[in-house]
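Asks: Predicted structure and sequence below. I'll ask about it afterward.
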Amino acid sequence: MAVPSVPFARMNGCGNEILVVDMRETTARVRPDAAIALAGRAETHFDQIMAIHQAKTPGTDAYVRIINADGSEAEACGNGTRCVVQALSAETGQTRFTFETPAGLLLAEEHEDGLISVDMGKPRFGWQDIPLAEEFRDTRAIELQIGPIDAPVLHSPSVVSMGNPHAIFWVKGDVDALALDRFGPILENHPIFPARANISIAQITSPTSLTMRTWERGVGLTRACGSAACAAAVSAARTRRTDREVAVTQPGGKLSILWREDEHVIMTGPAEWEWSGMLDPETGNFVRDAAEGREIG
Ligand SMILES: N[C@@H](CCC[C@H](N)C(=O)O)C(=O)O
(Lines give C-alpha, C1' and ligand atoms only; values in the text may rest on other atoms or scores of the structure.)
Protein backbone atom coordinates (compact mmCIF):
# COMPACT_ATOMS: atom_id res chain seq x y z
CA MET A 1 0.00 0.00 0.00
CA ALA A 2 1.35 3.45 -0.92
CA VAL A 3 2.38 5.56 2.04
CA PRO A 4 0.95 9.09 1.82
CA SER A 5 3.44 11.91 1.55
CA VAL A 6 4.07 14.01 4.61
CA PRO A 7 5.08 17.68 4.96
CA PHE A 8 8.67 18.49 5.77
CA ALA A 9 10.79 21.59 6.22
CA ARG A 10 14.43 22.08 5.44
CA MET A 11 15.88 24.08 8.37
CA ASN A 12 19.13 24.70 10.19
CA GLY A 13 20.23 25.39 13.73
CA CYS A 14 23.50 27.35 13.65
CA GLY A 15 24.25 25.65 10.32
CA ASN A 16 23.47 22.12 11.60
CA GLU A 17 21.41 20.86 8.63
CA ILE A 18 18.01 19.58 9.74
CA LEU A 19 14.96 18.12 8.00
CA VAL A 20 11.87 18.47 10.20
CA VAL A 21 9.41 15.81 9.02
CA ASP A 22 5.79 15.95 10.18
CA MET A 23 4.69 12.34 10.83
CA ARG A 24 1.70 13.27 13.01
CA GLU A 25 -0.88 12.18 10.43
CA THR A 26 0.64 8.79 9.63
CA THR A 27 1.61 5.62 11.46
CA ALA A 28 4.54 5.11 9.04
CA ARG A 29 8.15 5.78 10.07
CA VAL A 30 10.99 7.42 8.19
CA ARG A 31 12.89 4.38 6.95
CA PRO A 32 16.70 4.32 7.30
CA ASP A 33 17.01 3.76 3.52
CA ALA A 34 14.88 6.84 2.85
CA ALA A 35 17.05 8.88 5.22
CA ILE A 36 20.25 7.71 3.52
CA ALA A 37 18.78 8.58 0.10
CA LEU A 38 17.80 12.08 1.28
CA ALA A 39 21.22 12.65 2.88
CA GLY A 40 22.89 11.64 -0.39
CA ARG A 41 21.20 14.32 -2.50
CA ALA A 42 22.67 17.83 -2.54
CA GLU A 43 19.25 19.50 -2.23
CA THR A 44 18.08 17.51 0.78
CA HIS A 45 21.47 16.74 2.33
CA PHE A 46 21.02 16.83 6.11
CA ASP A 47 22.78 16.05 9.37
CA GLN A 48 19.62 15.00 11.26
CA ILE A 49 16.00 14.28 10.48
CA MET A 50 13.68 15.29 13.33
CA ALA A 51 10.57 13.15 12.80
CA ILE A 52 7.61 14.59 14.73
CA HIS A 53 5.09 11.88 15.71
CA GLN A 54 1.82 12.06 17.65
CA ALA A 55 2.44 12.42 21.39
CA LYS A 56 2.56 9.07 23.22
CA THR A 57 2.34 10.40 26.76
CA PRO A 58 -0.31 12.76 28.17
CA GLY A 59 1.15 16.20 28.89
CA THR A 60 3.65 16.04 26.03
CA ASP A 61 3.25 17.86 22.70
CA ALA A 62 4.90 15.31 20.40
CA TYR A 63 7.11 12.25 20.24
CA VAL A 64 10.31 13.06 18.33
CA ARG A 65 12.64 10.56 16.64
CA ILE A 66 16.13 11.73 15.66
CA ILE A 67 17.73 10.12 12.62
CA ASN A 68 21.34 10.69 11.58
CA ALA A 69 22.51 10.95 7.95
CA ASP A 70 23.69 7.30 8.03
CA GLY A 71 20.18 6.15 9.03
CA SER A 72 21.10 5.45 12.67
CA GLU A 73 18.98 6.89 15.49
CA ALA A 74 20.27 9.31 18.11
CA GLU A 75 19.03 9.97 21.63
CA ALA A 76 19.51 13.76 21.59
CA CYS A 77 19.81 16.64 19.13
CA GLY A 78 19.90 20.16 20.51
CA ASN A 79 19.96 22.09 17.24
CA GLY A 80 17.23 19.89 15.74
CA THR A 81 15.02 20.40 18.80
CA ARG A 82 15.18 24.17 18.31
CA CYS A 83 14.13 23.66 14.67
CA VAL A 84 11.14 21.55 15.81
CA VAL A 85 10.13 24.31 18.24
CA GLN A 86 10.32 26.94 15.53
CA ALA A 87 8.34 24.83 13.03
CA LEU A 88 5.57 24.07 15.54
CA SER A 89 5.37 27.59 16.95
CA ALA A 90 5.02 28.97 13.40
CA GLU A 91 2.09 26.58 12.95
CA THR A 92 0.27 27.12 16.26
CA GLY A 93 1.64 30.22 18.00
CA GLN A 94 2.51 28.01 20.99
CA THR A 95 5.87 28.95 22.52
CA ARG A 96 6.44 26.33 25.25
CA PHE A 97 6.77 22.65 24.41
CA THR A 98 7.39 19.31 26.07
CA PHE A 99 8.75 16.68 23.72
CA GLU A 100 9.25 13.00 24.37
CA THR A 101 12.29 11.38 22.75
CA PRO A 102 13.66 7.85 23.07
CA ALA A 103 15.98 9.29 25.78
CA GLY A 104 13.30 11.07 27.85
CA LEU A 105 11.52 14.42 28.07
CA LEU A 106 12.79 17.73 26.67
CA LEU A 107 11.33 21.10 27.66
CA ALA A 108 11.75 23.97 25.21
CA GLU A 109 10.67 27.57 24.89
CA GLU A 110 10.74 30.18 22.13
CA HIS A 111 11.54 33.69 23.41
CA GLU A 112 10.20 37.03 22.15
CA ASP A 113 13.46 37.73 20.29
CA GLY A 114 13.06 34.46 18.35
CA LEU A 115 15.86 32.63 20.17
CA ILE A 116 14.93 29.22 21.54
CA SER A 117 16.01 27.58 24.80
CA VAL A 118 16.01 23.84 25.31
CA ASP A 119 16.43 22.16 28.68
CA MET A 120 18.78 19.36 27.61
CA GLY A 121 18.45 17.56 30.97
CA LYS A 122 21.26 16.51 33.29
CA PRO A 123 24.62 15.31 31.97
CA ARG A 124 25.78 11.87 33.06
CA PHE A 125 29.42 11.10 33.82
CA GLY A 126 29.47 7.41 34.81
CA TRP A 127 31.51 5.22 32.43
CA GLN A 128 28.54 2.87 31.88
CA ASP A 129 26.24 5.84 31.15
CA ILE A 130 28.33 7.27 28.31
CA PRO A 131 28.92 4.30 27.55
CA LEU A 132 32.60 3.29 27.67
CA ALA A 133 33.76 -0.26 27.04
CA GLU A 134 35.74 -0.44 30.30
CA GLU A 135 35.73 1.18 33.71
CA PHE A 136 37.16 4.67 34.07
CA ARG A 137 36.74 6.16 37.54
CA ASP A 138 37.43 9.71 36.37
CA THR A 139 35.72 10.70 33.14
CA ARG A 140 37.08 14.26 33.26
CA ALA A 141 40.14 12.98 31.35
CA ILE A 142 40.30 9.39 30.13
CA GLU A 143 43.35 7.60 28.76
CA LEU A 144 42.82 7.80 25.04
CA GLN A 145 45.14 9.33 22.51
CA ILE A 146 45.73 9.61 18.82
CA GLY A 147 49.08 10.12 17.10
CA PRO A 148 52.59 9.03 18.16
CA ILE A 149 52.71 7.64 21.71
CA ASP A 150 55.27 10.21 22.89
CA ALA A 151 53.77 13.14 20.95
CA PRO A 152 49.99 12.61 20.69
CA VAL A 153 48.02 14.94 18.45
CA LEU A 154 44.93 14.57 20.63
CA HIS A 155 44.73 13.02 24.09
CA SER A 156 42.91 12.74 27.43
CA PRO A 157 39.37 13.71 26.39
CA SER A 158 36.59 14.53 28.83
CA VAL A 159 33.67 12.19 28.20
CA VAL A 160 30.03 12.78 29.04
CA SER A 161 26.54 11.69 28.06
CA MET A 162 24.01 14.35 27.13
CA GLY A 163 21.63 11.48 26.39
CA ASN A 164 24.08 10.74 23.56
CA PRO A 165 27.81 10.00 23.90
CA HIS A 166 30.41 12.79 23.62
CA ALA A 167 34.19 13.03 23.87
CA ILE A 168 35.80 16.48 24.10
CA PHE A 169 39.49 16.86 23.34
CA TRP A 170 41.00 20.08 24.73
CA VAL A 171 43.46 21.90 22.51
CA LYS A 172 45.55 24.99 23.17
CA GLY A 173 45.66 26.36 19.62
CA ASP A 174 43.24 26.95 16.78
CA VAL A 175 40.60 24.20 16.42
CA ASP A 176 40.74 24.64 12.62
CA ALA A 177 44.41 23.63 12.56
CA LEU A 178 43.63 19.97 13.36
CA ALA A 179 42.56 17.39 10.76
CA LEU A 180 39.28 16.42 12.45
CA ASP A 181 38.11 14.88 9.17
CA ARG A 182 40.98 12.36 9.53
CA PHE A 183 40.85 11.69 13.29
CA GLY A 184 37.05 11.97 13.64
CA PRO A 185 36.10 8.64 12.03
CA ILE A 186 38.86 6.75 13.88
CA LEU A 187 37.74 8.14 17.24
CA GLU A 188 33.99 7.86 16.54
CA ASN A 189 34.48 4.12 15.97
CA HIS A 190 37.18 3.54 18.62
CA PRO A 191 36.55 0.31 20.60
CA ILE A 192 36.40 2.33 23.83
CA PHE A 193 33.02 3.68 22.61
CA PRO A 194 30.70 0.65 22.17
CA ALA A 195 27.85 2.92 20.96
CA ARG A 196 30.30 5.07 18.92
CA ALA A 197 30.63 8.73 20.00
CA ASN A 198 30.43 12.34 18.87
CA ILE A 199 33.99 13.70 18.80
CA SER A 200 34.79 17.37 19.45
CA ILE A 201 37.91 19.47 19.74
CA ALA A 202 37.58 22.55 21.92
CA GLN A 203 39.72 25.55 22.75
CA ILE A 204 39.00 27.65 25.84
CA THR A 205 39.07 31.31 24.83
CA SER A 206 38.10 32.90 28.19
CA PRO A 207 36.43 31.86 31.47
CA THR A 208 33.10 32.41 29.72
CA SER A 209 33.75 31.26 26.15
CA LEU A 210 35.07 28.41 24.07
CA THR A 211 35.43 27.57 20.39
CA MET A 212 34.90 24.07 19.05
CA ARG A 213 34.40 21.79 16.06
CA THR A 214 32.59 18.46 16.01
CA TRP A 215 32.74 15.22 14.11
CA GLU A 216 29.22 13.90 14.65
CA ARG A 217 28.43 10.23 15.15
CA GLY A 218 26.53 8.94 12.13
CA VAL A 219 27.16 12.15 10.15
CA GLY A 220 30.74 13.44 9.95
CA LEU A 221 31.95 17.03 10.15
CA THR A 222 29.12 19.43 10.98
CA ARG A 223 28.87 23.20 11.17
CA ALA A 224 27.36 22.90 14.66
CA CYS A 225 26.19 20.34 17.22
CA GLY A 226 24.02 21.47 20.13
CA SER A 227 24.50 18.47 22.40
CA ALA A 228 28.29 18.68 21.76
CA ALA A 229 28.21 22.36 22.76
CA CYS A 230 26.45 21.31 26.00
CA ALA A 231 28.93 18.46 26.53
CA ALA A 232 31.89 20.83 26.04
CA ALA A 233 30.43 23.53 28.31
CA VAL A 234 29.68 21.06 31.10
CA SER A 235 33.09 19.39 30.77
CA ALA A 236 34.86 22.77 30.74
CA ALA A 237 33.11 23.81 33.96
CA ARG A 238 33.63 20.38 35.54
CA THR A 239 37.38 20.57 34.90
CA ARG A 240 37.50 24.19 36.17
CA ARG A 241 38.41 25.54 32.75
CA THR A 242 35.39 27.90 32.62
CA ASP A 243 32.40 29.19 34.57
CA ARG A 244 29.06 27.36 34.35
CA GLU A 245 27.70 29.75 31.70
CA VAL A 246 29.61 30.00 28.44
CA ALA A 247 29.27 31.25 24.87
CA VAL A 248 30.14 28.42 22.49
CA THR A 249 31.35 29.31 18.99
CA GLN A 250 31.09 26.68 16.26
CA PRO A 251 31.71 27.12 12.51
CA GLY A 252 27.97 27.73 11.95
CA GLY A 253 27.28 30.15 14.78
CA LYS A 254 27.04 30.77 18.52
CA LEU A 255 25.12 29.09 21.31
CA SER A 256 24.76 30.12 24.90
CA ILE A 257 25.02 27.25 27.39
CA LEU A 258 24.12 27.44 31.06
CA TRP A 259 24.79 24.51 33.42
CA ARG A 260 22.36 25.36 36.21
CA GLU A 261 22.97 24.55 39.87
CA ASP A 262 20.18 21.94 39.66
CA GLU A 263 22.44 20.25 37.05
CA HIS A 264 20.10 20.86 34.09
CA VAL A 265 21.83 22.20 30.97
CA ILE A 266 20.03 25.02 29.15
CA MET A 267 21.02 25.63 25.53
CA THR A 268 19.87 28.84 23.81
CA GLY A 269 20.26 29.71 20.15
CA PRO A 270 18.56 30.33 16.81
CA ALA A 271 16.71 28.15 14.31
CA GLU A 272 16.22 29.04 10.66
CA TRP A 273 13.61 27.87 8.15
CA GLU A 274 14.87 27.43 4.55
CA TRP A 275 12.17 25.75 2.44
CA SER A 276 9.33 23.20 2.63
CA GLY A 277 8.01 20.27 0.62
CA MET A 278 6.29 16.90 0.69
CA LEU A 279 8.15 13.67 1.30
CA ASP A 280 7.51 9.94 1.02
CA PRO A 281 9.05 8.67 4.28
CA GLU A 282 9.46 5.14 2.88
CA THR A 283 11.46 6.04 -0.22
CA GLY A 284 12.85 9.53 0.40
CA ASN A 285 11.21 10.83 -2.80
CA PHE A 286 10.18 14.45 -2.35
CA VAL A 287 8.74 17.51 -4.06
CA ARG A 288 9.50 21.09 -3.09
CA ASP A 289 6.56 23.42 -2.47
CA ALA A 290 6.08 25.81 -5.39
CA ALA A 291 4.93 28.65 -3.15
CA GLU A 292 7.35 29.07 -0.30
CA GLY A 293 5.03 28.71 2.70
CA ARG A 294 6.19 29.00 6.27
CA GLU A 295 4.32 26.17 8.05
CA ILE A 296 5.03 22.47 8.00
CA GLY A 297 1.54 21.28 8.96
N1 LIG B 1 23.37 17.66 15.85
C2 LIG B 1 22.90 17.18 17.08
C3 LIG B 1 23.38 15.86 17.55
C4 LIG B 1 22.81 14.75 16.70
C5 LIG B 1 23.03 13.35 17.19
C6 LIG B 1 24.43 12.85 17.06
N7 LIG B 1 24.96 12.81 15.75
C8 LIG B 1 24.46 11.45 17.71
O9 LIG B 1 24.42 10.44 16.99
O10 LIG B 1 24.51 11.39 18.94
C11 LIG B 1 22.81 18.23 18.14
O12 LIG B 1 22.62 19.41 17.78
O13 LIG B 1 22.82 17.90 19.33
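Replies: Perfect, thanks for sending it.
Asks: which other residues reach stretch 43-54?
Replies: With C-beta atoms under 8 Å, 6 or more residues apart in numbering as the test, stretch 43-54 has contacts from 10, 16-24, 29-30, 35, 38-39, 62-69, 74, 77, 79-81, 83-84, 87-88, 216, 219, 222, 281, 284, 286, 288. All C-beta atoms are positioned from the backbone trio N, CA, C, and that covers glycine.
Asks: let's see 6 Å
Replies: Identification of contacts with stretch 43-54 by C-beta atoms under 6 Å, 6 or more residues apart in numbering yields 16-24, 30, 35, 38-39, 62-67, 69, 77, 80, 84, 219, 222.
Asks: Tell me the residues on this structure that lie near the ligand, please.
Replies: Taking C-beta under 6 Å from any ligand atom, the part of the chain that reaches the ligand is made up of 16, 47-48, 68, 74, 76-80, 164, 198, 216-219, 225-227.
Asks: Show only the entries of the contacts of stretch 43-54 found in strands.
Replies: Counting by DSSP state E, the contacts of stretch 43-54 place 16-22, 62-67, 222 in strands.
Asks: hmm, which of those residues are the buried ones?
Replies: 16-22, 62-67, 222 (16 or more other C-beta atoms under 10 Å).
Asks: now these as JSON lines including pLDDT?
Replies: Shown next, in JSON lines, are those (pLDDT from 0 to 100):
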{"residue": "16", "pLDDT": "98"}
{"residue": "17", "pLDDT": "98"}
{"residue": "18", "pLDDT": "98"}
{"residue": "19", "pLDDT": "98"}
{"residue": "20", "pLDDT": "98"}
{"residue": "21", "pLDDT": "98"}
{"residue": "22", "pLDDT": "98"}
{"residue": "62", "pLDDT": "98"}
{"residue": "63", "pLDDT": "98"}
{"residue": "64", "pLDDT": "98"}
{"residue": "65", "pLDDT": "98"}
{"residue": "66", "pLDDT": "98"}
{"residue": "67", "pLDDT": "98"}
{"residue": "222", "pLDDT": "98"}
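Asks: Out of the residues you listed, the closest to the ligand would be?
Replies: The closest of these to the ligand turns out to be residue 16 (C-beta to the nearest ligand atom; 4.8 Å).
Asks: Specify the beta-bridge partners of the closest one.
Replies: As for beta bridges, residue 16 partners with residue 13 under DSSP bridges.
Asks: Ok, residue 167 next?
Replies: Going by DSSP bridges, residue 167 is paired in beta bridges with residue 159, residue 199.
Asks: Distance check, residue 73 against residue 163.
Replies: Using C-beta to C-beta, to the nearest Å, we find residue 73 at a distance of 12 Å from residue 163.
Asks: my bad, residue 288
Replies: Per C-beta to C-beta, residue 288 is found 32 Å from residue 163.
Asks: okay, these two: which has more neighbours?
Replies: For residue 288 versus residue 163, the count of surrounding residues by other C-beta atoms under 10 Å is larger for residue 163: 24 against 12.
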